[in-house]
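**Q** How does the following fold in three dimensions:
(one chain, ligands or ions: 1)
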Amino acid sequence: MKDLNSLNKLIEAFEELPSIGKKSATRLALAIAKDKFKALKLINAIEEVVTNVKECEICGSFSEHEICEICDDPNREKTLAIVESAKDVMVIEESGSYNGFYFVLSHLDDENIQKIRDIIKNKEIKEVIFAFPPSVESEARSLYLEDKLKDLGVEFSQIAQGVPTGVHFENVDINSLAKAIKLRFKL
Ligand SMILES: [Zn+2]
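**A** Next up is the predicted model:
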């Protein structure tokens, strides 16, 4: 319908979000058109996230400060879990099975490797855990990282196979991920 241009624009914007199809997008847009109060609350919340949430300068995870509360915590164990996305940090933190530091490796390049090396030195890290979902690429990436970090004298380990191959962490129940980290094995 042509006179519903703005509503259609909102539906399209929702559809661009992960796991929202046309049906859900339409339902959400209609709910917002119907309830101005809810709509304003949502605008407000989105605006706050856009203004306040950024990537931690050390680990790349989400934070409302330059340095996140995990990187800033002196009581954490001297282990460093390297994960694929900031979302994985949230999943692992929620599992409560891990009390070390993190690094979000969004892509493998020299700059990120240098950042990992800095964390290992500054936090006196003893063990680096490759917490990638098991796959051939993950294995190649772990081997490459191990080669680039081995001169620092740290131990390397990998999360156990509790996480099924090819499945992303958000689809893995918290218990099996917690187990995978607890049952990690040395490389
Ligand atoms: Zn951080």
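**Q** wait, doesn't K123 sit right on N75?
**A** No: the pair K123 and N75 does not pass the contact test of C-beta atoms under 8 Å, sitting 11.7 Å apart. Just so you know, the C-beta spots here come from the backbone N, C-alpha and C atoms, and that holds for glycine as well.
**Q** the more surrounded of those two?
**A** K123 (18 against 5; other C-beta atoms under 10 Å).
**Q** Tell me how far the closest residue to E77 other than its chain neighbours lies from A13.
**A** Nearest non-adjacent residue to E77, counting by C-beta to C-beta, 6 or more residues apart in numbering: G100, 4.3 Å away. According to C-beta to C-beta, to the nearest Å, G100 and A13 sit 38 Å apart.
**Q** These two: who's more crowded?
**A** A count of neighbours by other C-beta under 10 Å puts G100 above the other of G100 and A13, at 19 against 13.
**Q** Isn't the more buried one up against I82?
**A** No: G100 is beyond contact range of I82, at 10.9 Å (criterion: C-beta under 8 Å).
**Q** Overlap in contacts, those two.
**A** I129 (C-beta atoms under 8 Å, 6 or more residues apart in numbering).
**Q** Per-residue pLDDT of Y144, please?
**A** On pLDDT, Y144 comes in at 95.
**Q** Report the contact partners of the closest residue to it other than its chain neighbours.
**A** Among residues not flanking Y144 along the chain, L108 sits closest, at 6.9 Å (C-beta to C-beta, 6+ apart). Taking C-beta under 8 Å, 6+ apart, we find L108 in contact with 141, 144-145.
**Q** and the ion, which of those reach it?
**A** By C-beta under 5 Å from the ion, no member of the contacts of L108 lies near the ion.
**Q** so, in contact with the ion or not, stretch 59-66?
**A** Yes: using C-beta under 5 Å from the ion, stretch 59-66 reaches the ion at C59.
**Q** what's the answer for stretch 91-99, then?
**A** No: using C-beta under 5 Å from the ion, stretch 91-99 stays clear of the ion, coming no nearer than 11.6 Å.
**Q** Span of that stretch from start to end?
**A** The first and final residues of stretch 91-99 sit 13 Å from each other (C-alpha to C-alpha, to the nearest Å).
**Q** Run the chain-centre distance for it.
**A** Here stretch 91-99 is found 12 Å from its chain centre; the criterion is C-alpha atoms, centre = their mean, to the nearest Å.
**Q** Give the buried residues for it.
**A** Within stretch 91-99, the residues scored as buried using 16 or more other C-beta atoms under 10 Å are 91-92, 95, 97-98.
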